[in-house]
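# Here you go, sequence then predicted model.
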Amino acid sequence: MELSQLRYFTAVAQLGNMSKAAETMFVSQPNLSTSLSRLEEEVGVPLFERRRGKIILNQSGECFLHHVEQALATLDKGIQEVRGLNVGRCEPLSIACMVDDTILLQQFLLENPDIILNHQRADLPTITDMLERQEVDLAFTVLEPSGENLAFERLYECQFMLLLNKANPLSQRTSLSRDELAGEHLAIDGSRVNKNTFYAAEGKMGNTPIIDYDVRHLDLLLSLVELNRCISIVPAIKYRELVLTGKDEGLVCRPYTDGAPVAYFGIAYNIRKPLNAQGKRFRDFVQSYFRSIDLEYETLTRQLNDEL
């Protein structure tokens with residue numbers, strides 16, 4: 001039994017005329033007649049009588065109408081109350097994220113409490129499909145998805161760095177060369193670094209890295225480094241974020257001596273579904289968030305140097 005059937009039934013009962021009811025409900029008369037016939041089949045008894053071109057309720061129909069009107073009134077009241085609760089609230093913002101940036105998203109929600117966020121993690125091929133089907137408003141990614149109707153805006157870039165446990169002897173170095181990393185066990189965040197591409201790029205520089213861990217969660221990478229199981233390759237901005245949130249205890253970050261790969265952050269969306277107001281707010285937030293992390297980290301570093 002469908003809601004439309006009940007509304008059609010009520011209209012016919014009130015107007016007593018099929019053509020007028022069809023016009024009022026913006027439906028063709030044959031479709032209205034078919035809908036009412038199905039309703040009577042589901043209820044199990046006839047609900048109308050036809051007299052001289054008029055259609056009127058029989059006793060069963062009058063009894064059923066009483067309950068239908070009560071049900072529709074309750075439903076309409078509920079709809080109005082729900083709409084009232086959401087007056088002035090934004091439409092939900094749906095985001096697909098290629099990377100694990102929980103801290104960034106938490107801060108976005110804190111600064112934008114009126115936005116309802118629908119968030120999911122996915123790899124690049126899945127994100128590309130979702131964008132092409134317009135299933136999400138935008139994607140937060142480190143790689144540009146390929147698609148004729150897809151746009152990508154690069155919002156931030158920084159160098160990759162090496163995250164080490166302080167107990168690792170290499171932590172005493174101020175920077176690390178690829179020769180010094182030879183034989184060291186490495187971990188990468190597969191959502192930010194493509195393992196095969198990384199191998200190919202390092203191979204051109206005469207380096208054959210040993211990647212023991214290819215994971216897609218920053219907390220897991222941190223756990224591995226904290227256990228001194230490996231050296232992790234992370235974007236510089238993620239280490240700065242760790243320092244500012246006090247999650248860097250026992251860890252140090254070192255730059256490459258001989259040229260570091262670059263990490264990119266950006267948003268992608270379907271040009272047939274341009275960024276809405278909430279999407280533009282997210283884009284502006286990402287840019288300001290990364291800038292604020294850089295500025296706060298620089299300020300903290302200067303303060304620590306002054307104390308020394």
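Received, thanks.
# So for the strand ranked longest in the chain, what gets flagged as buried?
What stands out as the longest strand in the chain, according to DSSP state E, is strand 150-165. Judged by neighbour count (16 or more other CB atoms under 10 Å), strand 150-165 contains these buried residues: Leu150, Ala151, Phe152, Leu155, Tyr156, Cys158, Phe160, Met161, Leu162, Leu163, Leu164, Asn165. Glycine gets a C-beta too; all of them are placed from N, C-alpha and C.
# ok, residues contacting stretch 161-179?
Contacts of stretch 161-179 from elsewhere in the structure, counted by CB atoms under 8 Å, 6 or more residues apart in numbering, are 180-181, 184, 202, 205-207, 221-222, 225-228, 231-236, 239, 250-258, 260.
# same thing but 6 Å
Residues from elsewhere that reach stretch 161-179, judged by CB atoms under 6 Å, 6 or more residues apart in numbering: 207, 225, 228, 231-232, 234, 236, 250-255, 257-258.
# Quick one: mean pLDDT for that stretch?
Over the span of stretch 161-179, the pLDDT mean works out to 93.
# Stretch 2-13 too?
For stretch 2-13, the per-residue pLDDT values average out at 84.
# and if you look at stretch 268-287?
Across stretch 268-287, the per-residue pLDDT values average to 92.
# Regarding it, how distant is the last residue from the first?
One end of stretch 268-287 to the other measures 14 Å (CA to CA, to the nearest Å).
# neighbouring contacts of it?
For stretch 268-287, with CB under 6 Å, 6+ apart as the criterion, the contacting residues are 90, 93, 108, 115, 131, 134, 137-139, 141, 145, 149-152, 155, 267.
# before we move on, what about stretch 243-253?
Looking at stretch 243-253 with CB under 6 Å, 6+ apart, the contacting residues turn out to be Met161, Leu163, Leu164, Lys166, Ser171, Tyr239, Leu242, Glu296.
# same check, this time on stretch 34-43
With contact meaning CB under 6 Å, 6+ apart, stretch 34-43 is reached by Met1, Gln5, Tyr8, Phe9, Pro46, Leu47.
# Please list the members of the residues you listed that lie in strands.
Per DSSP E, those never map to strands.
# ChimeraX command to pick out the buried ones of these?
Buried subset of the contacts of stretch 34-43, written as a ChimeraX selection, criterion 16+ other CB under 10 Å:
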select :5,8,9,47
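# Turn the contacts of stretch 34-43 into CSV, including distance to Phe282.
Rendered in CSV, the data for the contacts of stretch 34-43 read as follows (distance: CB to CB, whole Å):
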residue, distance to Phe282
Met1, 42
Gln5, 42
Tyr8, 43
Phe9, 46
Pro46, 57
Leu47, 52
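# Return the closest of the contacts of stretch 34-43 with respect to Val215.
The shortest distance between Val215 and any of the contacts of stretch 34-43, using CB to CB, involves Met1 and amounts to 50.4 Å.
# how much space between Ser171 and Ile231?
Remark: distance between Ser171 and Ile231 (CB to CB, to the nearest Å) = 9 Å.
# When the two are compared, which one has more neighbours?
Applying other CB atoms under 10 Å to Ser171 and Ile231 shows that Ile231 carries more neighbours, namely 23 against 18.
# those strands in the stretch 201-308 of the chain, which residues are they?
210-215, 231-235, 251-254, 262-270 (DSSP state E, counting those that start in this stretch).
# Take the shortest one, keep the C-alpha atoms, and write them as CSV.
Output of strand 251-254 as CSV, limited to C-alpha atoms (Å, rounded to 0.1, in the frame of the first residue of the first chain):
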residue,chain,number,x,y,z
LEU,A,251,59.2,10.7,17.4
VAL,A,252,61.4,12.9,15.2
CYS,A,253,61.0,14.0,11.6
ARG,A,254,63.9,14.4,9.2
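# Show me which residues of it are buried.
Leu251, Val252, Cys253, Arg254.
# Fine by me, we can end here.
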